[in-house]
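In: below is the structure, and that's it, no one-letter string:
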């Protein structure tokens, strides 16, 4: 066995938190950690709508009151979907970690093709358009930095499954990054923030250059990486591969790049860089000219997909109008002479549909081709993603001019149809795609598509229907696109440049009692009025708004390492990790919560082990209440660990004072430094309790950091000289740490730095995981603490000293094959000469139980790849883990065709929810492993001389009973072989007597049958 040298890889987290003295459960000096308010302050505004009535039935109504504009319109479907879509957006605001902050997700459970932490760039432009109207700016500040500076801008494999043409996540799908950032600036007025992004936006723009054809002056893209699988244009130009094929010059990416060039020019002017602005103005003009020269067909009056030369030497335009032809208007690219294109929107043979528009015209031969046979056809079904783009473009057109081909009435009709599309079972709902002619979602998979965040709606109401149209100066134009028959509507307290803007239409003044006509209020004061519906222009200056950036010391989206959640009891289908994953929603499905449902106890606790001393003064607990078996607790107590016992936190201030279900319960207290916190619950009568998220928040006040080489740096940002400076480095229990340079200084001047180098040593045999360290600097009158710096201890098989199984397949072994799927046969298995080989001419699948039982919840199983089938067929897979029988196994899998790896846990014939997979390529001689630590399993691959972690999932107490070290082999046909299998553990208890397993003969058949 090769020994893997232990090395610590550090990941630095750069935000900081306040400090008190680093000892267990010790009260800090007064004012050392000021809790941040969980919701932004609304400020002055109007109060004409009944916000409580409008939010009736929504969980955590305080979030909406603090964040969103309130709407009342005569059209109940638009109004109901408006509030529902804000609830959808709220569900997808995920706090990740201290380095990246907030993320806006597309799916609740990130699929395997997601970027780190679960981001998918495909709909990021839509996310920013919706979120720009939130009062709390922090989520989108973080989100833009994530894609332009953070993990979303980081490298990804250039693989077909993840887009083989790009090597970073921010270019995996087309993304109108600069346009989104600039349009958001027009709402917030935050010049400093958007100009700071300018170099990143230029880099994002230029990196599309590898898909630029200078001969045509156009960018090419592949429909699937425009976020549009199976399009009419890919069916027509690349019928052999309509899913991943169809590369061409499309109105999408070229319009996005045009809009981004104009936006970069505008941001450059804000930054005072006239040369850069002129350069991007010229690039935008050239791209616009190229689109008209090559993508506009004057005879057919539309923008079309143009085939790339490798698919069509003539580079012809496709035969079908697709909805992407309206995208140029979304970026104000189209000229008045092309507005006739919009006639096809309402044409019964064109894009018109009761739940439309359709994504290709009905007259197209590709209309609804295979659309009901499987997911993700953009050749007829109604996709909210595209409907959002079309409506945005239409609003832009109607605000620019009055074309003959389309009208304000068409905007309202289409928006209303879009609202009516977003229902299921009579209640608002959005999934992936809808049938254009029938009242049903056709792409809507359970646990995946619910409340799908891939489009806009609230922005279409605010910016389009009500007509708040920001401009680059202090002007705000209000130009409603509402039906002239409406007697009233209201959009109240819209956050705009640090102010609250209210728009009221009250034909005779009887609805809102503020006078008749159209009125605009700023911060509660009337500033503009007109008697009839029509545009109003006013000036709204920009007020400075401070954006708070507290951090959550309990958050851990990785599901492994620290902070580590714990509980006295957890229901079998729930997880403690779901309570610290940054996802706050109160739905039964999708699922993200901890509960003690079925607990025999009258009282249970849920807590967080930080791993190192951590300042705590602000606990935020979001209680889950389904009104049935899980309800609001009768009482709770927040406690901290003092090193030996649990102690109630003194001087708690609770809001609300009594526990509230489906709401934030906010507990603040004088700062305490502790390594653990917990909440002890008293169960309500006849029910149990649940938590969707538990956080421990702190507000940055100091500047201390830990570098990857374990160097700590304190920067004096107090504005005065500080004396008696001392730094300590807190490490997990059992680790040793010593300073190798001075850890104290007599004085540090204002702006000065004080650094200390440290040697950190983990204990022998430490489990592979992510471990925290934290630096504390104290000085006379104050101090500061670093955030978590997470250090990864890699997998070392020798950390599992008990060798339970080691077989190089030189002779026949005691292995029992099982058949999980009746439709896939058990292959012929042979052992000997250093290989276990599975062979079949037909589809095969077997999971094989080995001769050794797993006797510890701290174990390691690995196989070495001998050979893979290499057929390119769907199944060419290896599994590793623990096997009980055909219906019960805990395994990691590797699919050689897809080059992906994930986890399967089957219990009594059903699979646990273990979402997500990871990119992986294994070759002969590489190793594939699975570890278990308590209720958590983690898969690994040994490639390139090192173990690499792949996926982590919690499985509860599944791995008990007659499980054995084992593996699996699955193929469509051909031969797959393994070179060895190994099972190791530690702290192995005595094993009970067990039945002797069947032995295989040289042909792989049981000997005793």
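Out: Yep, that arrived. Quick caveat, the model's predicted, so the values are computed rather than measured.
In: and residue 421, how many neighbours?
Out: Residues lying near residue 421 (other CB atoms under 10 Å) number 25. Just so you know, the C-beta spots here come from the backbone N, C-alpha and C atoms, and that holds for glycine as well.
In: all numbers from here: first residue = 10
Out: That works, and once the first residue is 10, the last one we named lands at residue 430.
In: so it sits against residue 391, correct?
Out: Yes: the pair residue 430 / residue 391 is scored as a contact, 6.2 Å apart, by CB atoms under 8 Å.
In: so what sits against both of the two?
Out: When contacts are counted by CB atoms under 8 Å, 6 or more residues apart in numbering, the set common to residue 430 and residue 391 consists of 364, 443.
In: and stretch 887-897, average pLDDT?
Out: Rounded to a whole number, the mean pLDDT of stretch 887-897 is 97.
In: list the buried residues in that stretch.
Out: Along stretch 887-897, these residues count as buried under the neighbour rule (16 or more other CB atoms under 10 Å): 887-895, 897.
In: with distance to residue 660 as added columns, please give those residues in a markdown table.
Out: Rendered in a markdown table, the data for the buried residues of stretch 887-897 read as follows (distance: CB to CB, whole Å):
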| residue | distance to residue 660 |
| --- | --- |
| 887 | 57 |
| 888 | 54 |
| 889 | 52 |
| 890 | 49 |
| 891 | 49 |
| 892 | 54 |
| 893 | 52 |
| 894 | 56 |
| 895 | 58 |
| 897 | 51 |
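In: quick one: which of those sit in helices?
Out: Per DSSP state H, helices hold no members of the buried residues of stretch 887-897.
In: which one of these is nearest residue 934?
Out: Proximity of those to residue 934 (CB to CB) peaks at residue 887, which lies at 13.2 Å.
In: the closest one contacts residue 990, correct?
Out: No: using CB under 8 Å, residue 887 and residue 990 do not qualify as a contacting pair, with a distance of 11.0 Å.
In: gap between residue 645 and residue 90?
Out: The span separating residue 645 from residue 90 equals 36 Å under the rule CB to CB, to the nearest Å.
In: which of those two has more neighbours?
Out: Between residue 645 and residue 90, counting by other CB under 10 Å, residue 90 is the more crowded of the two (26 against 23).
In: element containing that one, please.
Out: Per DSSP states H and E, residue 90 falls inside helix 85-100.
In: ok, the helix or strand following that helix: who's next to it in the sheet?
Out: Sequence-wise, the next helix or strand beyond helix 85-100 is strand 102-104, with elements assigned using DSSP H and E. In its sheet, strand 102-104 lies beside strand 111-113 (antiparallel), with partners assigned from DSSP bridges.
In: following element in sequence after the strand it pairs with, please.
Out: helix 133-140.
In: who touches residue 242 in this structure?
Out: 232, 255, 257, 259, 314, 316, 327, 329, 331.
In: ok, now with 6 Å
Out: With contact set as CB atoms under 6 Å, 6 or more residues apart in numbering, residue 242 has these partners: 255, 314, 327.
In: and these, which is closest to residue 940?
Out: Among the contacts of residue 242, residue 255 lies closest to residue 940 (CB to CB), at 42.1 Å.
In: ok, for the closest one, nearest residue in space, not its chain neighbours?
Out: Spatial nearest neighbour of residue 255, chain neighbours left out: residue 243 (2.7 Å); criterion: CB to CB, 6 or more residues apart in numbering.
In: over to residue 798?
Out: In space, residue 798 comes closest to residue 715 once its chain neighbours are excluded; the distance is 3.8 Å by CB to CB, 6+ apart.
In: dihedrals phi and psi, the one you found?
Out: Here is the backbone geometry of residue 715 (degrees, to the nearest 10): phi -120, psi 120.
In: contacts only, for it.
Out: Under the criterion of CB under 6 Å, 6+ apart, the contact partners of residue 715 comprise 721, 782, 784, 795, 798.
In: re earlier: quick check: the residue nearest to residue 255 touching residue 232?
Out: Yes: the pair residue 243 and residue 232 passes the contact test of CB atoms under 6 Å, sitting 4.9 Å apart.
In: which neighbours do these two share?
Out: In terms of CB under 6 Å, 6+ apart, residue 243 and residue 232 are both contacted by the residues residue 255.
In: ok, back up a step: just to be sure, which of the contacts of residue 242 are found in helices?
Out: Secondary structure of the contacts of residue 242 is defined by DSSP H; no position falls in helices.
In: just these now: which is nearest residue 775?
Out: residue 255 (50.5 Å).
In: burial count for the closest one?
Out: Residue 255 is flanked by 30 other residues according to other CB under 10 Å.
In: give me the angle between the strand or helix carrying residue 265 and helix 133-140.
Out: Following DSSP H and E, the helix or strand that holds residue 265 is helix 260-279. Here the directions of helix 260-279 and helix 133-140 differ by 60 degrees (axes from the mean of the first three to the mean of the last three CA atoms, to 10 degrees).
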